[in-house]
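Asks: Here is a sequence with its predicted model. Questions after.
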Amino acid sequence: MEDAFQKLQNDGKNSFKEVLNKLASETQKSVSDFITTLTEQGPKLMNAAMAAATVFKDALDKK
């Protein structure tokens with residue numbers, strides 16, 4: 001009985017480790033994808049944000 005409990009406990013640890021490893025791998029992939037997208041789209045996003053800020057500033061100046 002004690003051997004079965006020990007085996008179940010070890011299997012649980014291994015399963016938990018596998019889940020954590022998979023989650024870490026997927027998270028790393030997600031971060032890498034995000035960084036790649038940001039690198040590619042960053043300048044466009046920055047230009048759009050600057051244009052929006054300019055329009056907002058101009059609208060405030062006219063009031």
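Replies: Structure's in. What do you need?
Asks: So which residues of the protein form helices?
Replies: Secondary structure of the chain by DSSP state H: the helices cover 2-62.
Asks: Spatially central, which residue of it would that be?
Replies: Geometric centre of the chain, nearest residue: residue 31, 4.6 Å, by C-alpha atoms, centre = their mean.
Asks: Show the pLDDT at it.
Replies: pLDDT, residue 31: 89.
Asks: pLDDT weak spots in the chain?
Replies: 1-2, 4-13, 63 (pLDDT under 70).
Asks: what number of residues lie near residue 18?
Replies: Residues within reach of residue 18, counting by other C-beta atoms under 10 Å, total 10. Where you see a C-beta, it was placed from the backbone N, CA and C, and this is true even at glycine.
Asks: how far away is it from residue 58?
Replies: As judged by C-beta to C-beta, to the nearest Å, residue 18 and residue 58 stand 56 Å apart.
Asks: ok, now residue 14?
Replies: Taking C-beta to C-beta, one finds residue 14 at 62 Å from residue 58.
Asks: And residue 16, by the same measure?
Replies: Applying C-beta to C-beta to residue 16 and residue 58 gives a distance of 56 Å.
Asks: just how off-centre is stretch 16-23 within its chain?
Replies: Distance of stretch 16-23 from its chain centroid, counting by C-alpha atoms, centre = their mean, to the nearest Å, is 17 Å.
Asks: Could I get the buried residue list for it?
Replies: By neighbour count with 16 or more other C-beta atoms under 10 Å, stretch 16-23 contains no buried residues.
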